[in-house]
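Asker: Everything below, folded, please.
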Amino acid sequence: MKFAIEYKLEDHGWATVVLTDGKKSCDSAVSYLHDSLGELAQMAVDLKNGVKESKVVFMDEPGELQFLVSVENEVASYEARWFSDWASWNMHPESDYKSVLSGKCKTQRIIQQISTVLWNIHQNIGPEQYKERWVEHDFPLKQFRELANA
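Answerer: Predicted structure coming up:
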């Protein structure tokens, strides 16, 4: 199965994330209340550097999608979990979620997909316009550069 990530910046303070395994997909609105793109970029850097477990939170209003990755022998097991409120802010139990997507792929596939998301935003929107749209958070330039120089 072909794991893929899409991350589209919308109007001020909003984005949409889509995770797919090639057959099934899940999507969520993403609010500026959390630095989701920064976490996603850090996930790619961490996985590239051998970290075995990583998580990204995509906050909606209300609810959140959590993307979890666990690596063993260069194979990444991933799961997307939907919470009806903000579990990451302790407003909802971490144990009360719906698994909306799960699977396995090469770790490099996840790193490559995140790198492509960052490259597209950097090329088509740029760090300054990103900051104007995202308000609370800067474009993750440090992680982008680290991944670009890999």
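Asker: Packing partners of the helix or strand of the chain with the lowest mean pLDDT?
Answerer: Least confident helix or strand, the chain: helix 126-134 with a mean of 91, by mean pLDDT, DSSP states H and E. Applying 3 or more C-beta pairs under 8 Å, 6 or more residues apart in numbering; DSSP states H and E, one finds that helix 126-134 contacts strand 4-9. The C-beta positions use only the backbone N, C-alpha and C, and glycine is treated the same way.
Asker: so for the strand it packs on, what's the average pLDDT?
Answerer: Mean per-residue pLDDT for strand 4-9: 95.
Asker: Now do whichever helix or strand comes after it and strand 4-9, the angle between them.
Answerer: Going down the chain from strand 4-9, the next helix or strand is strand 14-20, by DSSP states H and E. Angle of strand 14-20 versus strand 4-9, following axes from the mean of the first three to the mean of the last three C-alpha atoms, to 10 degrees, is 170 degrees.
Asker: Name the residues of strand 14-20 that are buried.
Answerer: Buried residues in strand 14-20, defined by neighbour count with 16 or more other C-beta atoms under 10 Å: Trp14, Ala15, Val17, Leu19, Thr20.
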